[in-house]
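Student: the amino acid sequence is not available; the structure is as follows:
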Ligand SMILES: [Zn+2]
């Protein structure tokens, strides 16, 4: 658990793969969070834990409202 690169790719909130492009060595423009409005609450929670890790899409994106088909 002391592997820094491993930590950087992990969501600080739920521990899942945060799918961060920067942590994976890819351009920030290719990251899922690029141009996405992250939820303030999730962002604040993550920052309270660490500012070196990105959150995963499940935590960072607003919960989609389910629409009846
Ligand atoms: Zn997460």
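Tutor: Looks like it arrived, so ask away. These numbers were taken from a predicted model, which means no experiment stands behind them. Residues are numbered from 1 along each chain as shown.
Student: just the buried residues of stretch 21-36, please?
Tutor: Residues 21, 22, 23, 31, 33 are the ones in stretch 21-36 that count as buried (16 or more other C-beta atoms under 10 Å). Bear in mind the C-beta positions are built from the backbone N, C-alpha and C, glycine included.
Student: ok, and does it reach over to the ion?
Tutor: No. On the criterion C-beta under 5 Å from the ion, stretch 21-36 is out of touch with the ion, staying 11.8 Å away.
Student: and that stretch, average pLDDT?
Tutor: Averaging pLDDT along stretch 21-36 yields 90.
Student: contacts for that stretch, please.
Tutor: 5, 8, 9, 19, 20, 54, 57, 60, 61 (C-beta atoms under 8 Å, 6 or more residues apart in numbering).
Student: now these: which count as buried?
Tutor: 8, 9, 19, 20, 54, 57, 60, 61.
Student: ok, and which of those reach the ion?
Tutor: Within those, nothing lies near the ion by C-beta under 5 Å from the ion.
Student: could I get those residues as JSON lines with secondary structure?
Tutor: As requested, the buried ones among the contacts of stretch 21-36 are arranged in JSON lines below (DSSP: H, G, I helix; E, B strand; the rest coil):
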{"residue": "8", "secondary structure": "helix"}
{"residue": "9", "secondary structure": "coil"}
{"residue": "19", "secondary structure": "coil"}
{"residue": "20", "secondary structure": "coil"}
{"residue": "54", "secondary structure": "coil"}
{"residue": "57", "secondary structure": "helix"}
{"residue": "60", "secondary structure": "helix"}
{"residue": "61", "secondary structure": "coil"}
